[in-house]
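Asker: I'd like to go over a predicted model; first the sequence, then the structure.
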Amino acid sequence: MQIIPVILSGGSGTRLWPLSRKECPKQYLYLAGDNTMLQETILRLRGLDKLADPIIICNADHRFIVAEQCQQIDITNPTILLEPIGRSTAPAIAAAALQSLKKIDNALLLVLSSDHVIQNVEVFHQAINIASSQAQDGKLVTFGIVPTDTNTGYGYIKSSEYSVNGSYKVEEFVEKPDLQTAQAYIEKGNYLWNSGMFLFKADKLIDELTTHSPKIVASVKTAVNNAEQDLDFIRLDKQAFKSSPSNSIDYALMEKSDNVVVVPLDAGWSDVGSWSALYDIGEKDSSGNVLKGDVTVKDTTNTYIYASHHMVTTIGVDNLVVIDTPDATFIASQDKAHEVKSIVGSLQKEGRDEAHSNRKVYRPWGWYDSIEVGVHFQVKRLHVNPEAKLSLQMHHKRAEHWVVVSGEATVINGEDTLTLTEGGATYIPIGTTHGLENKSSEPLEIIEVQSGIYLGEDDIVRFEDIYGRVKE
């Protein structure tokens, strides 16, 4: 029976993922390994029997970065489902299950989050094999982490005392406890951390979810049936998906079903849901610091510093988290770093772009980085992949000046077709039809200077586009 990995790849953490070695060649800028966390999640499954291509669930803003990262590790045929709106894990997993049933009648879904670290892959595979056997028998399987401390940041799973072929019946799911309660759980010995990882038959999941949360299944089924193919992506129908109740798979199903078993996992697992968690698993210097990137410190102790953009220096600080990215800088005490979500909520209320957009934006042809923005001007760095092509387009409200930094550009500028190499430039007036193509086998880098009364991305009229983005 095939195992289909289902990777939950939503969340604001995606904005902080390092990208590829070409763009970020220093390995220390990877959060928890030599690859991005999404890539590590997929790569650690290699070696499992009957492993199918993954289903990855993300929002539309992250679709090209997800596709790029799959290509970098030779995942050439992933199914990438685009959520039009966040509805928590139950609708997302249901969508993956229904999509998988279109191609494979009898498959197991291995549901994983893209922000977990698992150090002992061999032990993880052993746990998956135990879970697979139980799932084939119709069980809904969750993975419970053997606790290493009295952690109050995780939910707990109470298991039965006796195992059946390496799994235990789940007696109760417990919310995040206080310290005293967590200590009591550890002493009893039959409580595990709730990892948020699952394995079950796709059809069994839908059957049980229909029993316990029928509105979710009805809405998601319509969203999948009415989904649209967009390049290599599948866009779930927005209205149908939006009508689904927003609920986690724990609340919607696992806590209600009497058919749930847990497989204990002791494999160096960590949920990297906060920067403090990265500090916990990071290699510390003699002062207890974890330093990533171009960092210089003095009289600094017990601090996590991540510098992905430029040099960061500190003097006389202790117990901090300092995160510097091209978009924003985040500073917090270790014990408050997990409250970053409240800051994001405040930014959303204020209508700040930083809450939902990234300075670097991926497109099917490559990416652009907004280097500088001012009144009536914007400077971008364009990276055009080999043999990629931007649409033939024009703008009503802005002019553009292109300068080739590296590579060879084939440019359409009005009636003219130009070949520009390093140092070559062209000016595109407002209202002029223009296009850009990289016909070579090497990347093309261009600096684009925009000027005009409006610089939004929606001021684009496309006439031709090899990626199907021309509106009928």
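Answerer: Perfect, I can see it now.
Asker: Quick one: name whatever helix or strand follows whatever helix or strand Ile234 lives in.
Answerer: Assigned by DSSP states H and E, Ile234 falls within strand 233-235. Using DSSP H and E, the helix or strand that directly follows strand 233-235 along the chain is helix 238-242.
Asker: Domain boundaries for this protein, per the record?
Answerer: For the chain, whose domains are defined here by automatic domain parsing, the residue ranges read 3-271, 275-349, 360-464.
Asker: List the pairing partners of the helix or strand harbouring Glu445 within its sheet, with orientation.
Answerer: Taking DSSP H and E as the criterion, the element that holds Glu445 is strand 444-452. Based on DSSP bridges, the pairing partners of strand 444-452 within the sheet are strand 377-384 (antiparallel), strand 398-406 (antiparallel).
Asker: Check which element follows the last one along the chain.
Answerer: Past strand 398-406, further along toward the C-terminus, the next helix or strand under DSSP H and E is strand 409-413.
Asker: what does that next one rub up against?
Answerer: Outside of strand 409-413, the residues within contact range by CB atoms under 8 Å, 6 or more residues apart in numbering are 384, 392, 402, 417-421, 424, 426, 428, 432-439, 444, 446. For every residue, glycine as well, the C-beta is placed using N, CA and C.
Asker: Mind doing that once more with 10 Å?
Answerer: Where contact means CB atoms under 10 Å, 6 or more residues apart in numbering, the residues beyond strand 409-413 that reach it are 382, 384, 389-390, 392-393, 400, 402-404, 417-422, 424-429, 432-440, 444-446, 464.
Asker: low-scoring pLDDT stretches of the stretch 201-350 of the chain, where are they?
Answerer: Filtered on pLDDT under 70, the stretch 201-350 of the chain yields the residue ranges 273-274.
Asker: And the strands in it, which stretches?
Answerer: Defined through DSSP state E, counting those that start in this stretch, the strands belonging to the stretch 201-350 of the chain, from first to last, are 228-230, 233-235, 260-265, 269-271, 290-298, 304-315, 320-324, 329-333.
Asker: most tightly surrounded among those strands?
Answerer: For the strands of the stretch 201-350 of the chain, ranked by mean neighbour count under the definition mean count of other CB atoms under 10 Å, the leader is strand 260-265 at a mean of 25.
Asker: neighbouring strands for that strand, and are they parallel or not?
Answerer: Strands adjacent to strand 260-265 in the sheet, as given by DSSP bridges, are strand 140-145 (parallel), strand 167-174 (antiparallel).
Asker: Just name the most buried of those strands.
Answerer: Comparing the strands paired with strand 260-265 by mean neighbour count (mean count of other CB under 10 Å), strand 140-145 ranks first with a mean of 26.
Asker: helix or strand right after that one?
Answerer: By DSSP H and E, the next helix or strand past strand 140-145 is strand 156-164.
Asker: If we go by neighbour counts, what in that next one is buried?
Answerer: When neighbours are counted by 16 or more other CB atoms under 10 Å, the buried residues of strand 156-164 are found to be 156-159.
Asker: Contacts only, for Val170.
Answerer: By CB under 10 Å, 6+ apart, Val170 lies in contact with 139-142, 144, 157-160, 192, 194, 254-255, 257-262.
Asker: Equivalent analysis for Tyr368, please.
Answerer: For Tyr368, counting by CB under 10 Å, 6+ apart, the contacting residues are 359-362, 380-384, 446, 448, 457.
Asker: Val217 now?
Answerer: Under the contact definition (CB under 10 Å, 6+ apart), the residues listed for Val217 are 90-91, 94, 97-98, 205-211, 244, 252.
Asker: if we go to 6 Å?
Answerer: 209-210 (CB atoms under 6 Å, 6 or more residues apart in numbering).
Asker: Would you mind measuring from it to Thr426?
Answerer: When CB to CB, to the nearest Å is the yardstick, Val217 and Thr426 sit 54 Å from each other.
Asker: which of the residues in stretch 196-207 are buried?
Answerer: Within stretch 196-207, the residues that qualify as buried are 196-206, counting by 16+ other CB under 10 Å.
Asker: And the residues you listed, which is closest to Lys349?
Answerer: Out of the buried residues of stretch 196-207, the one with the shortest distance to Lys349 is Gly196. That distance is 27.8 Å, counting by CB to CB.
Asker: how about the nearest residue to that closest one, chain neighbours excluded?
Answerer: Beyond its immediate neighbours in the sequence, the residue positioned closest to Gly196 (CB to CB, 6 or more residues apart in numbering) is Ser113, lying 5.7 Å away.
Asker: Please apply the same query to Ile453.
Answerer: Closest residue in space to Ile453, ignoring its immediate chain neighbours: Lys397 at 5.4 Å, by CB to CB, 6+ apart.
Asker: Would you agree the one you found is in contact with Ser451?
Answerer: No - taking CB atoms under 6 Å as the definition, Lys397 is not a contact partner of Ser451, at 10.1 Å.
Asker: Of the contacts of strand 409-413, select the buried ones using a PyMOL command.
Answerer: Burial among the contacts of strand 409-413 is assessed by 16+ other CB under 10 Å; the matching PyMOL selection reads:
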select buried, resi 382+384+389+390+392+393+400+402+403+404+420+426+428+432+433+434+435+436+437+438+444+445+446
